[in-house]
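Peer 1: my questions are about this predicted structure, shown below with the sequence.
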Number of protein chains: 2
Amino acid sequence: MKQVFNFNAGPAALPKEVLQKAQAELLNYQDSGLSVMELSHRSKQYESIQNHATERLRTLMNIPDDYDILYMQGGASLQFSAVPMNFLKEGKTANYCLTGSWSEKALKEAKKVGSTHIASSSKEANYSHIPESLELSDNPAYLHITSNNTIFGTQWRTTPDLPAKVPLIADMSSDILSRSIPVDDYSLIYAGAQKNLGPSGVTVVIVKKELLERCPDNLPTMLNYQTYAKNSSLYNTPPTFSIYMLSLVLDWVADQGGVEQIEAINTEKANLLYHVIDSSDNFYKGPARNDSRSNMNVTFTLPSEMLTKKFLQQASESGFVGLSGHRLIGGCRASIYNAVPLAHCEKLAQFMKDFHTNFM
Amino acid sequence: MKQVFNFNAGPAALPKEVLQKAQAELLNYQDSGLSVMELSHRSKQYESIQNHATERLRTLMNIPDDYDILYMQGGASLQFSAVPMNFLKEGKTANYCLTGSWSEKALKEAKKVGSTHIASSSKEANYSHIPESLELSDNPAYLHITSNNTIFGTQWRTTPDLPAKVPLIADMSSDILSRSIPVDDYSLIYAGAQKNLGPSGVTVVIVKKELLERCPDNLPTMLNYQTYAKNSSLYNTPPTFSIYMLSLVLDWVADQGGVEQIEAINTEKANLLYHVIDSSDNFYKGPARNDSRSNMNVTFTLPSEMLTKKFLQQASESGFVGLSGHRLIGGCRASIYNAVPLAHCEKLAQFMKDFHTNFM
């Protein structure tokens, strides 16, 4: 089998052990004679898969009991609409911190629903950093942040300081489970699975129960968070196989020693690459400001378009996958989510050093 | 490996050959060194999977070129909302044929959006048949039908006769690809995959392009059919693995000889079971009227609750899975979608006959 080093931005690398387990039982889940994909979502077997995922996630992220864990579909993009439809009432204003394309998209959907306010933005600085301060509107419905920005390679290092009554809502699609976070600072966290949690097709929502009281009755049923909370995410058929894969990934995280251990490795992985960039005498440049650098997406440019192209081509020939920057900004990007092994980051660091040396 | 006979109502049986292929290449798709789940949705490899599915479906169902094929998430339940949000304009009335719980749910979501009208209903007859005639409202936005009713076991045998300008919209979640249908009689067809098309997590939408001109601009982006049509269903990350499984299932249908051949086998499977019911001297009774019987979900009752329980228990001990009727109406139900082999239906027919004989 071809040896490749997968730095895709999402869908992204999955732990090899997880894929092996899924493969082994693909036609015969726990001696049932059935594939997980063939189980009824109302069967005890499936129920226990989903419950297992929920319990695992609660333990790993230290999620308090007054939070529900929901499984939805449609990715973060559907959450961009669901959040304001559920929580942006007449007379209130939805507050957004703009830190990149994803927060812009979230804001765009909120504008269709009601009054909005940009609490902070680094757009003028080409989204090179996380804004230091923010200014809330009157009567804020909530503050929305994107905790990690895959395209520009920036990440919130701390939770923004907010008045107690203002719910903090975060799109954590690209850094959930990659580091310890204080869940009770947030009223709602959502994340598409395809970066740190599993394959695409399932969106995890972690929501404070008291917030759910605000969901209006007249929403489309499938966009109302209450529908999922009241029915254990089984109002209709959930994406059962994606949730099964999520449960395996969560087991794997536990096997690695939990989120703290994962965080330590992630920091080591990111430091490796940032060190190459910082000691390259400006051959590699990181567009993200040092204090805002992401531990998940390491973005960098080379001195010219031609060199970038050459770098990407040689990298591809050497087995590196997914190193092109996002089509919006170009350049290069290494996405180093939980399942990307340290060894692969070492390989990439060496490749970057060698490429630089050969150029000199 | 335990031998089981899977009659689940959905998620349901998948062809064994499909599962075997998915298993074989789960860690190494076409010698890429990656799992399909690890491919970027912007990669050439994934693009060709999705394009292959689209072309296969177009050929198998004979879908004209002026129809788009879209991949969405959220199942039929999200379509219940998407349809009226996209196509029920002020001054128009959405028309629904009520043939069971699923059409009731579809109607309920449309009521949240605008004016509705029940064009026909067999509710008074406990949904035992498909209504013979229908009466449209003034200014109909569209007529919505549920082509097959999994709970009651009924199925539309013909397309309802409509004035040329009234779009016909059908939820075909439970019988798509099970029989030849004239796609151009419909303006929009939608189907959750988990019965005849693949695993849960992807919803196929087949829509006439000219209908898309009616989609309003201010909808949530992920509920606007235009978003999917304009971006080849790649506006955001699609459920890539589910679409891959769909592509394998479509290949399998082609290998079986296409939809006409599948339809012939499905008819044979259904006839086998209905014959046992009809020749059981009322021991087994089918609640569905003969002219409305479904070829996908064969529902039946036994003379008493106790016998039903005994039947289900003995069936379970003999390896039959999923024969309980829907929790709304009880009794028994054999779901015999495309992937359920004729041999499994023969086993079940024999089991039913034996159970009856032993009782006498």
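Peer 2: Yes, it's here.

Peer 1: which ones are touching A:C97?
Peer 2: A:103, A:118-121, A:131, A:134, A:143-146, A:160 (C-beta atoms under 8 Å, 6 or more residues apart in numbering or on different chains). From N, CA and C alone the C-beta is placed, and that goes for glycine too.

Peer 1: filter these to the buried ones?
Peer 2: The neighbour count (16 or more other C-beta atoms under 10 Å in any protein chain shown) marks A:103, A:118-121, A:131, A:134, A:143-146, A:160 as buried among the contacts of A:C97.

Peer 1: A:Y186 and A:S122, how far apart?
Peer 2: 21 Å (C-beta to C-beta, to the nearest Å).

Peer 1: hang on, the earlier thing: let's see which of the buried ones among the contacts of A:C97 end up in helices.
Peer 2: In this view, these that belong to helices under DSSP state H are A:S103.

Peer 1: mind checking which of the buried ones among the contacts of A:C97 are in strands?
Peer 2: A:118-121, A:143-146 (DSSP state E).

Peer 1: would you list the residues you listed in JSON lines and tack on pLDDT and distance to B:Y29?
Peer 2: Output for these, formatted as JSON lines (pLDDT from 0 to 100; distance: C-beta to C-beta, whole Å):
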{"residue": "A:I118", "pLDDT": "98", "distance to B:Y29": "42"}
{"residue": "A:A119", "pLDDT": "98", "distance to B:Y29": "43"}
{"residue": "A:S120", "pLDDT": "98", "distance to B:Y29": "42"}
{"residue": "A:S121", "pLDDT": "98", "distance to B:Y29": "41"}
{"residue": "A:L143", "pLDDT": "98", "distance to B:Y29": "41"}
{"residue": "A:H144", "pLDDT": "98", "distance to B:Y29": "36"}
{"residue": "A:I145", "pLDDT": "98", "distance to B:Y29": "36"}
{"residue": "A:T146", "pLDDT": "98", "distance to B:Y29": "31"}
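
Peer 1: ok, those residues vs chain B, which is closest?
Peer 2: Distance to chain B across these (C-beta to the nearest C-beta) is lowest for A:T146, with 14.3 Å.

Peer 1: that closest one: what's it in contact with?
Peer 2: Counted by C-beta under 8 Å, 6+ apart, A:T146 has contacts A:97, A:99-100, A:102-103, A:106, A:170-171.

Peer 1: now the nearest residue to A:R42 once chain neighbours are set aside: how far from A:G75?
Peer 2: Nearest residue to A:R42 in three dimensions, chain neighbours excluded: A:L234, at 7.4 Å (C-beta to C-beta, 6 or more residues apart in numbering or on different chains). From A:L234 across to A:G75, the span is 20 Å (C-beta to C-beta).

Peer 1: pretty sure A:V276 sits against A:K353.
Peer 2: Yes - A:V276 is within contact range of A:K353, at 5.9 Å (criterion: C-beta atoms under 8 Å).

Peer 1: the more surrounded of those two?
Peer 2: Taking neighbours as other C-beta atoms under 10 Å in any protein chain shown, A:V276 and A:K353 compare with A:V276 leading, 21 against 16.

Peer 1: the closest residue to A:A9 other than its chain neighbours: neighbouring residues, count only.
Peer 2: By the measure of C-beta to C-beta, 6+ apart, the closest residue to A:A9 outside its immediate chain neighbours is A:S335, 4.4 Å from it. Per other C-beta under 10 Å, the neighbour tally for A:S335 reads 24.

Peer 1: for A:S318, same thing?
Peer 2: Neighbours of A:S318 using other C-beta under 10 Å come to 15.

Peer 1: which residues of chain A fall in helices?
Peer 2: Under the criterion DSSP H, chain A contains helices at A:16-24, A:44-61, A:75-87, A:101-113, A:225-230, A:240-255, A:259-278, A:305-317, A:342-359.

Peer 1: just to revisit the earlier point, need the ones in strands among the buried ones among the contacts of A:C97 in TSV (columns: distance to B:N126).
Peer 2: Formatted as TSV, these follow (distance: C-beta to C-beta, whole Å):
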residue	distance to B:N126
A:I118	56
A:A119	56
A:S120	59
A:S121	59
A:L143	51
A:H144	48
A:I145	52
A:T146	51
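
Peer 1: re the thing from before, right, and the residue nearest to A:R42 touches A:S43 too?
Peer 2: No - contact criterion C-beta under 8 Å: A:L234 and A:S43 do not qualify, at 11.1 Å.

Peer 1: and those two? Which one has more around it.
Peer 2: A:S43 (18 against 15).

Peer 1: can you tell me how far that one is from B:P303?
Peer 2: As judged by C-beta to C-beta, A:S43 and B:P303 stand 27 Å apart.

Peer 1: residue ranges with poor pLDDT in the stretch 201-350 of chain A?
Peer 2: Across the stretch 201-350 of chain A, nothing is flagged by pLDDT under 70.

Peer 1: residues from it in reach of chain B?
Peer 2: Within the stretch 201-350 of chain A, the residues that sit near chain B (C-beta under 8 Å from any C-beta of the partner chain) are A:201-202, A:218-223, A:235-242, A:245, A:319, A:321-322, A:327.

Peer 1: ok, A:A315 - contacts?
Peer 2: Contact partners of A:A315, counting by C-beta under 8 Å, 6+ apart, are A:323, A:351, A:355.

Peer 1: without its sequence neighbours, what residue ends up closest to the last one?
Peer 2: Spelled out, it's A:F355. Leaving aside its sequence neighbours, A:F355 sits nearest to A:F311 (C-beta to C-beta, 6+ apart; 5.8 Å).

Peer 1: who's in contact with that neighbour?
Peer 2: A:302, A:323, A:332, A:355.

Peer 1: derive a PyMOL selection command for the buried subset of the contacts of A:T146.
Peer 2: Entered in PyMOL, the line below selects the buried ones among those, by 16+ other C-beta under 10 Å:
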select buried, chain A and resi 97+99+100+102+103+106+170+171
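
Peer 1: farthest pair within the contacts of A:T146?
Peer 2: Spatial extent of the contacts of A:T146 (C-beta to C-beta) is set by the pair A:G100 and A:A170 at 13.6 Å.

Peer 1: any idea how far the spatially closest residue to A:D175 that is not a sequence neighbour is from chain B?
Peer 2: The spatial neighbour of A:D175 that comes closest, neighbours along the chain excluded (C-beta to C-beta, 6+ apart), is A:N148 at 3.8 Å. According to C-beta to the nearest C-beta, to the nearest Å, A:N148 and chain B sit 16 Å apart.

Peer 1: re earlier: using CSV, lay out the helices of chain A together with distance to B:E210.
Peer 2: CSV is the format used below for those (distance: least, C-beta to C-beta, whole Å):
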stretch, distance to B:E210
helix A:16-24, 43
helix A:44-61, 41
helix A:75-87, 26
helix A:101-113, 25
helix A:225-230, 33
helix A:240-255, 34
helix A:259-278, 50
helix A:305-317, 42
helix A:342-359, 49
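
Peer 1: deepest-packed of the ones you listed, please.
Peer 2: Scoring these by mean neighbour count under mean count of other C-beta atoms under 10 Å in any protein chain shown gives helix A:75-87 as the most buried, with a mean of 25.

Peer 1: what's the spacing between that one and its chain's center?
Peer 2: Centroid separation for helix A:75-87 versus its chain: 15 Å, with C-alpha atoms, centre = their mean, to the nearest Å.

Peer 1: which elements pack onto it?
Peer 2: Using 3 or more C-beta pairs under 8 Å, 6 or more residues apart in numbering or on different chains; DSSP states H and E, the elements in contact with helix A:75-87 are strand A:67-72, strand A:93-98, helix A:101-113, strand A:140-146, strand A:168-171, strand A:188-192, strand A:203-208.

Peer 1: C-alpha coordinates for it, PDB please?
Peer 2: The C-alpha coordinates for helix A:75-87 follow below in PDB (Å, rounded to 0.1, in the frame of the first residue of the first chain):
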ATOM      1  CA  GLY A  75     -22.600  20.600   8.700                       C
ATOM      2  CA  ALA A  76     -21.600  24.000  10.200                       C
ATOM      3  CA  SER A  77     -23.300  25.700   7.300                       C
ATOM      4  CA  LEU A  78     -26.700  24.600   8.400                       C
ATOM      5  CA  GLN A  79     -25.900  25.700  12.000                       C
ATOM      6  CA  PHE A  80     -25.100  29.200  10.600                       C
ATOM      7  CA  SER A  81     -28.900  29.300  10.000                       C
ATOM      8  CA  ALA A  82     -30.100  27.200  12.900                       C
ATOM      9  CA  VAL A  83     -28.400  29.400  15.500                       C
ATOM     10  CA  PRO A  84     -30.200  32.700  14.600                       C
ATOM     11  CA  MET A  85     -33.500  30.900  13.800                       C
ATOM     12  CA  ASN A  86     -33.500  29.500  17.300                       C
ATOM     13  CA  PHE A  87     -32.000  32.300  19.400                       C
END
